[in-house]
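Chemist: give me a model of this one.
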Amino acid sequence: MLRIVSHLAEAQAEIERICDRTHDDAVVHREASVREIVQAVQRRGDTALIEFTQEFDGFALQSENLRVSGAELDAAYQQIPKDLLDAIRLAHRQIEAFHRQRVPKSWVQFGADGEVLGKRYTPVDRAGLYVPGGRAAYPSTVLMNAVPAKVAGVERVVITTPPGPDGSLNPAVLVAAQEAGIEEIYRVGGAQAIAALAYGTATIPKVDVISGPGNIYVTLAKKLVYGTVGIDSLAGPSEVLIIADRSANPRWVAADLLAQAEHDPLAAAILITPDLEVATQVSLEVERQLQDHPRRLVTEKAIAHYGLAIVVDSLETAVKLSNQFAPEHLELEVEDPWALVEKVRHAGAIFLGSLTPEAIGDYVAGPNHTLPTSGAARYASALSVETFLKSSSLIEYTAASLQRVARAVDVLATAEGLESHAESVRLRQQSLDR
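Modeler: Sure, this is the predicted structure:
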């Protein structure tokens, strides 16, 4: 049953505990292990990938079957039902339409003395997408990472994803990749896949940006290779925070909490409401819906450790607690969500109204479902086209504009002890004065 808390100090302490749920001593040990894996791949390339895939995935990988073949890609279409293909294609259209609106435009502006300032956006050359396996297959993750990269104009996009013990990959993942225009897919997962993308091997290309979620080993590997390559974020386990008033349907709220809890034993599912009756009914519904849940063990663990119902004195207090948590997903299941959203400062994605469950955002709404977790929404945003772009400043000065600022540059450079900086402007000014 979902635990109910009604004292503000206790609620604040619980929110801090849940937010810090991935910060434990075991991470230090894991980071040392991940460092060894990353260094082994950096030194020994494909040979290390083969060894680690045998060790961690139980599959005897060979260099020749590291890349998924064209025959496998073709066969994947025959292995999924038509309604799943239709759903993948619908999601692809929605996601692409949203991200095409978000492409930043290069620009220039002209000053009074003819100087030109601007910004120019260009895509990275190569992007590597990590698609997790393990507990479930995620064609939606393929689309959410691949579509922004393709919209950004990245020329070469590759995917790594862990194989099953027989070397197979989920056909829905392979189909989603092809629908997004990607056919370069490698059957390798874990920290070793991140290392291969960061440093390159004889088979897998070195990329410029790595995106995509994974387990703690994948996340730690991304942390270690950052700087050699760019990364999207250091994603933690999933989380939802729901603010609900008495207009909310307890069955729907319970289902939305369980929709996050079923991801992972570390997933967080929090309800905040000013109505004790709502909290009580939702807690009972969570218990009822868990009875025949197909992922009951995982979901129960998440609810037991990181599930919570908080009763507060007002919706304003609810938003304050939400801002403290900075949730990945925030649902406003209240009578007037638009009145409340103005008070929200920190959230990865905001779902307004009772007819907008977080699952809509996971699959078909269009905005990206790769979102900041563990409080990172205080400073970070969703994965986007800009993840795969970089910008260059454009600066051009004329004789008039150079004359106007030359003295200021001279003074600043001299103050900093950088004589050649000052001289580089003086020489030009002297030439213009002749």
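
Chemist: need the three-state assignment for residue 182.
Modeler: Here residue 182 is coil, with the state taken from DSSP: H, G, I helix; E, B strand; the rest coil.

Chemist: tell me, how many residues neighbour it?
Modeler: The burial metric for residue 182, expressed as a neighbour count using other C-beta atoms under 10 Å, is 23. Bear in mind the C-beta positions are built from the backbone N, C-alpha and C, glycine included.

Chemist: how much space separates it from residue 34?
Modeler: According to C-beta to C-beta, to the nearest Å, residue 182 stands 26 Å off from residue 34.

Chemist: give me the element the nearest residue to residue 52 once chain neighbours are set aside is part of.
Modeler: Nearest-residue entry for residue 52: residue 192, 4.3 Å, with adjacent residues in sequence omitted and distances by C-beta to C-beta, 6 or more residues apart in numbering. Take DSSP states H and E as the rule and residue 192 turns out to sit in helix 190-199.

Chemist: ok now the helix or strand following that helix, how far from the chain's centre?
Modeler: Heading C-terminal from helix 190-199, the first helix or strand you meet, by DSSP H and E, is strand 209-211. When C-alpha coordinates are averaged (C-alpha atoms, centre = their mean, to the nearest Å), strand 209-211 and its chain have centres 10 Å apart.

Chemist: residue boundaries of the strands in the stretch 151-300 of the chain?
Modeler: Applying DSSP state E, counting those that start in this stretch to the stretch 151-300 of the chain gives strands spanning 156-160, 185-186, 209-211, 230-231, 239-244, 268-273.

Chemist: could I get these as TSV with mean pLDDT and distance to residue 331?
Modeler: Converted to TSV, these look like this (pLDDT from 0 to 100; distance: least, C-beta to C-beta, whole Å):
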stretch	mean pLDDT	distance to residue 331
strand 156-160	98	31
strand 185-186	98	34
strand 209-211	98	25
strand 230-231	98	28
strand 239-244	98	4
strand 268-273	98	9
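
Chemist: what stretches of the stretch 51-200 of the chain score poorly on pLDDT?
Modeler: Across the stretch 51-200 of the chain, the ranges flagged by pLDDT under 70 are 134-136.

Chemist: next, the spatially most central residue of the chain: secondary structure please.
Modeler: When C-alpha atoms, centre = their mean is applied to the chain, the residue found nearest the centroid is residue 370 (3.2 Å). Classification of residue 370 into helix, strand or coil gives coil, according to three-state DSSP.

Chemist: could you check how many residues crowd around the residue lying closest to it once chain neighbours are set aside?
Modeler: The shortest distance from residue 370 to any non-neighbouring residue, by C-beta to C-beta, 6+ apart, is to residue 383 (3.8 Å). Around residue 383 sit 25 other residues, with neighbours defined as other C-beta under 10 Å.

Chemist: break the protein into its domains for me.
Modeler: 4-22+236-365, 25-106+122-231, 397-433 (automatic domain parsing).

Chemist: those: which one's closest to residue 389?
Modeler: Go through these one by one with C-beta to C-beta and the one that ends up closest to residue 389 is domain 25-106+122-231, at 5.2 Å.

Chemist: quick check: the residue nearest to residue 370 vs residue 421, distance?
Modeler: Separation of residue 383 from residue 421 (C-beta to C-beta): 39 Å.

Chemist: ok, residue 106 next?
Modeler: 28 Å.

Chemist: quick one: which of these two has more around it?
Modeler: residue 421 (15 against 12).

Chemist: got TSV for the domains of the chain, with distance to residue 374 too?
Modeler: What follows is the domains of the chain, written out as TSV (distance: least, C-beta to C-beta, whole Å):
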stretch	distance to residue 374
domain 4-22+236-365	4
domain 25-106+122-231	10
domain 397-433	40
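
Chemist: quick one: closest of those to residue 388.
Modeler: domain 25-106+122-231 (3.9 Å).

Chemist: tell me which of the strands of the stretch 151-300 of the chain lies nearest to residue 64.
Modeler: Nearest of the strands of the stretch 151-300 of the chain (C-beta to C-beta): strand 185-186, 12.2 Å.

Chemist: for that closest one, the distance to its chain's centre please.
Modeler: The gap between the average C-alpha position of strand 185-186 and the chain average comes to 20 Å, counting by C-alpha atoms, centre = their mean.

Chemist: other SSEs contacting it?
Modeler: Other helices and strands packing on strand 185-186, by 3 or more C-beta pairs under 8 Å, 6 or more residues apart in numbering; DSSP states H and E, are strand 156-160.

Chemist: which residues sit against the helix or strand encompassing residue 71?
Modeler: Using DSSP H and E, residue 71 falls within helix 70-76. Contacts made with helix 70-76 from outside it, assessed by C-beta atoms under 8 Å, 6 or more residues apart in numbering, are listed as 169, 171, 172, 174, 175, 178, 183, 185.

Chemist: returning to that earlier point: any chance of the strands of the stretch 151-300 of the chain in CSV, plus distance to residue 16 and mean neighbour count?
Modeler: Formatted as CSV, the entries for the strands of the stretch 151-300 of the chain read as follows, by distance: least, C-beta to C-beta, whole Å; neighbours: other C-beta atoms under 10 Å:
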stretch, distance to residue 16, mean neighbour count
strand 156-160, 35, 23
strand 185-186, 40, 24
strand 209-211, 29, 25
strand 230-231, 26, 20
strand 239-244, 14, 28
strand 268-273, 12, 28
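
Chemist: what residues are up against the nearest residue to residue 257 once chain neighbours are set aside?
Modeler: Leaving out its chain neighbours, the residue that sits closest to residue 257 by C-beta to C-beta, 6+ apart is residue 269, at 3.9 Å. Residues in contact with residue 269 (C-beta under 8 Å, 6+ apart) are 2, 239, 240, 257, 258, 260, 261, 302, 303, 306, 307, 308.

Chemist: so residue 269 bridges to which residues?
Modeler: Beta-bridge pairing of residue 269 under DSSP bridges involves residue 240, residue 307.

Chemist: out of the domains of the chain, nearest to residue 113?
Modeler: Taking C-beta to C-beta as the criterion, domain 397-433 is the member of these that comes nearest to residue 113, at 3.8 Å.

Chemist: centre of the chain versus the closest one, how much separation?
Modeler: Averaged over its C-alpha atoms, domain 397-433 has a centre that lies 45 Å from its chain's centre (C-alpha atoms, centre = their mean).

Chemist: now that domain: mean pLDDT?
Modeler: Per-residue confidence for domain 397-433 averages out to 96 on the pLDDT scale.

Chemist: now the strands for the stretch 1-150 of the chain?
Modeler: Taking DSSP E, counting those that start in this stretch to define them, one finds strands in the stretch 1-150 of the chain at 4-5, 107-110, 116-123, 126-130.

Chemist: can you say which of those strands is packed in most?
Modeler: Compared across those, strand 126-130 shows the largest average neighbour count, a mean of 27 (mean count of other C-beta atoms under 10 Å).

Chemist: what sits up against that strand?
Modeler: Applying C-beta under 8 Å, 6+ apart, the contact partners of strand 126-130 are 142, 145-146, 149, 154-161, 182, 189, 193-194, 197, 205-214, 218, 229, 388.
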